[in-house]
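no letters, just coordinates:
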DNA sequence: ATTTATGCAAATCGTTTGCAAACCT
DNA sequence: AGGTTTGCAAACGATTTGCATAAAT
């Protein structure tokens, strides 16, 4: 995992480059995402920052997503999950999604499989005339607690 | 693609088995899903069935999802997309998702790749103690129109 | 000083639900 | 008749937004 200070520095620089400020609350949101070893929800973030207004948390997340440093994961009609973008952590990963409690956990697959997926992805993009930005591989089932 | 009559028969039987009726409006919803060559939204369904109440469409979809004959796809905070379940159409496929207009299109990958994914999936499930039901491979980007 | 971010409360919007009437068997 | 399904309108709940205040540069 990337060092926290480096992470903050990198994000600060990206935000500044877009004319935005890396405020205390934005830093707190990033810390909440970074502390967790899995994507977190808005309530998760607020529990760790009881003084942060809900609307500010949402606005911070929106800024960070817009700046490309945070990724939003929508898989149910409950809360979205948020995580630090892959290119900042340096580890490309995927998600296990629990159909019972809605929790999301990370996993990785061998590099060769990623390459095969990208290869197939390229063919599909060409055949169906899409411009594919990235792939997403989810495993849907029950987590250790809900199984 | 499966013959419509066979599809309706199969669904009717499944619903009856669960003590539910395969009513005219449910049949109409299934027809709307089956006519499209891609997952459709609630507005899509209502356009084809102007006399169907929105709440009934949602209730029908919920029943069909509950019975396992329809799959709901949530990928944005706009409308969900719905499609006939794989096991009824006999073709396992995945989705291209447009980040601009939100449309969803189907694609397939070679059988060997599916097997490699399932293999990796099995390992992950064992290592992280999840019970995995199925995998999901999405390609995120821009559709032919929005590219 | 001027711009940008925050907190609060109200609005949004896809989806769900209560209830009475219509439908099926 | 007895149970299910439908339509309408109201309720829900996660997220967004307007606006006045506070913070950052």
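That came through, no problem. Values in this document were obtained by computation on a predicted structure and should not be read as measured data. Residues are numbered from 1 along each chain as shown, chains lettered A, B, ... in the order given.

what's next to the host helix or strand of residue A:88, contact-wise?
Residue A:88 belongs to helix A:86-89 when elements are defined using DSSP states H and E. Applying C-beta atoms under 8 Å, 6 or more residues apart in numbering or on different chains, the external contacts of helix A:86-89 come out as A:1, A:2, A:7, A:10, A:11, A:68, A:69, A:71, A:92, A:93. Placement of C-beta: from N, CA and C, glycine included.

packing partners of the helix ranked longest in chain A?
In chain A, taking DSSP state H as the definition, the longest helix is helix A:111-128. Applying 3 or more C-beta pairs under 8 Å, 6 or more residues apart in numbering or on different chains; DSSP states H and E, one finds that helix A:111-128 contacts strand A:131-142, strand B:104-107, helix B:111-128, strand B:131-142.

rerun that using 6 Å as the cut-off
Counting contacts by 3 or more C-beta pairs under 6 Å, 6 or more residues apart in numbering or on different chains; DSSP states H and E, helix A:111-128 packs against strand A:131-142, helix B:111-128.

list the buried residues of that helix.
Going by neighbour count (16 or more other C-beta atoms under 10 Å in any protein chain shown), the buried part of helix A:111-128 is A:113, A:114, A:116, A:117, A:120, A:121, A:124, A:125.

what's the mean pLDDT across it?
Helix A:111-128 comes out with an average pLDDT of 97.

ok now it, how far from the chain's centre?
22 Å (C-alpha atoms, centre = their mean, to the nearest Å).

who touches it?
Contacts with helix A:111-128, where a contact means C-beta atoms under 6 Å, 6 or more residues apart in numbering or on different chains, come from A:132, A:135, B:107, B:109, B:113, B:116, B:120, B:139.

where does the last one land on pLDDT?
By that I understand residue B:139. Reading off the model, residue B:139 has pLDDT 97.

for chain A, list the residue farthest from the centre, please.
Distance to the chain centre peaks in chain A at residue A:127, reaching 29.3 Å (criterion: C-alpha atoms, centre = their mean).

identify the residues contacting the residue most central in space within chain A.
Chain A has residue A:83 as the residue nearest its centroid, 2.6 Å off, counting by C-alpha atoms, centre = their mean. By C-beta under 6 Å, 6+ apart, the residues touching residue A:83 are A:39, A:71.

do the same with residue A:95
The contact partners of residue A:95, taken as C-beta under 6 Å, 6+ apart, are A:104, A:138.

partners of it in the sheet?
Beta-bridge pairing of residue A:95 under DSSP bridges involves residue A:106, residue A:138.

distance of it relative to DNA strand C?
Distance, residue A:95 to DNA strand C, using C-beta to the nearest atom of the strand, to the nearest Å: 20 Å.

likewise residue A:135?
Relative to DNA strand C, and taking C-beta to the nearest atom of the strand, residue A:135 is found at 24 Å.

what does residue A:69 give?
Counting by C-beta to the nearest atom of the strand - residue A:69 and DNA strand C are separated by 13 Å.

count the residues that sit near that residue.
Residues near residue A:69, counting by other C-beta atoms under 10 Å in any protein chain shown, number 20.

then residue A:91?
11.

so where does it fall, helix or strand?
Per DSSP H and E, there is no helix or strand for residue A:91.

buried ones in stretch A:57-74?
Quick answer for stretch A:57-74 (16+ other C-beta under 10 Å): A:57, A:60, A:61, A:63, A:64, A:67, A:69, A:70, A:71, A:73.

for whatever helix or strand residue A:43 lives in, give the mean pLDDT please.
Following DSSP H and E, the helix or strand that holds residue A:43 is helix A:42-48. The average pLDDT within helix A:42-48 is 97.

list the contacts of it.
Here helix A:42-48 has contacts from A:29, A:32, A:57, A:79, using C-beta under 6 Å, 6+ apart.

of those, keep whichever come out buried.
Applying 16+ other C-beta under 10 Å to the contacts of helix A:42-48 flags A:29, A:32, A:57 as buried.

how close does residue A:43 sit to residue A:97?
Per C-beta to C-beta, to the nearest Å, residue A:43 is found 18 Å from residue A:97.

neighbour-wise, which of the two wins?
residue A:97 (24 against 11).
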